[in-house]
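Chemist: Make a model of this:
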Amino acid sequence: MFYWIYDYASWKIGVLFALVFVGATWAATLVLRRFLHPWFHRDRRANEMVGFVLSAYSVFYGILVGLIAVAAYQNFGTVSDIVSKEASSLGALYRDLAGYPQPIRGRLQSDLRDYTRYEIERDWPQQQRGVIPA
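Modeler: Purely as a prediction, here's the structure:
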């Protein structure tokens, strides 16, 4: 449903999301200020309460961003390991096929090259767009 998002560069999507969320925040601030400002400023210590709440949200937001960054790095490392293992398996299988007699060796090595080309040219671009190939 949202596969169109993978057709754009990451920096463009980041700028779009930042503009949308900052714009929504500004709009909400301007609209809600008229209604909430008198309600919060009945008490003289309202600014202290707002400060405590904002600092708590900031701490939780920082922890959340840190955990997301760690999870993204771990996913990248896991995928990198999987790709390295598959590449080394393909290389080892190609070398193992050298021990077979010629008519079958050539056909199997050709099939292995075709599989590798298919993975690189067809499956990887699909995965880049977020589609899991069958």
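Chemist: if I look at the spatially most central residue of the chain, how far off is Val65?
Modeler: Here the mean C-alpha position of the chain is nearest to the C-alpha of Ala72 (CA atoms, centre = their mean), at a distance of 6.9 Å. Note on Ala72: its distance to Val65, by CB to CB, to the nearest Å, is 11 Å. (C-beta placed from N, C-alpha, C; glycine too.)
Chemist: right, and Leu97 touches Leu108 too?
Modeler: Yes: the criterion here is CB atoms under 8 Å, and Leu97 meets it with Leu108 at 5.1 Å.
Chemist: returning to what we had before: tell me which element the residue nearest to the centre of the chain falls in.
Modeler: Under the criterion DSSP states H and E, the helix or strand holding Ala72 is helix 46-96.
Chemist: And the next helix or strand past that helix?
Modeler: Scanning forward in sequence from helix 46-96 by DSSP H and E, the next helix or strand is helix 102-118.
Chemist: shaky segments in this structure?
Modeler: 1, 40-41, 43, 46 (pLDDT under 70).
Chemist: Tell me which residues touch the residue of it positioned farthest from its centre, please.
Modeler: If you look at how far each residue of the chain sits from its centre, by CA atoms, centre = their mean, the farthest one is Pro101, at 46.0 Å. When the contact criterion is CB atoms under 8 Å, 6 or more residues apart in numbering, Pro101 has no partners at all.
Chemist: where does it fall, phi/psi-wise?
Modeler: The phi and psi torsions at Pro101 (degrees, to the nearest 10) take the values phi -70, psi 160.
Chemist: Count residues in the vicinity of Gly77, would you?
Modeler: Gly77 has 10 neighbours, counted by other CB atoms under 10 Å.
Chemist: same question, Gln109
Modeler: Using other CB under 10 Å as the criterion, Gln109 is surrounded by 15 other residues.
Chemist: My guess is Tyr6 contacts Gly130. True?
Modeler: Yes: in this structure, Tyr6 is within contact of Gly130 by CB under 8 Å, at 5.0 Å.
Chemist: So for those two, which sits in the more crowded spot?
Modeler: When Tyr6 and Gly130 are compared for neighbours, Tyr6 comes out ahead with 15 against 11, by other CB under 10 Å.
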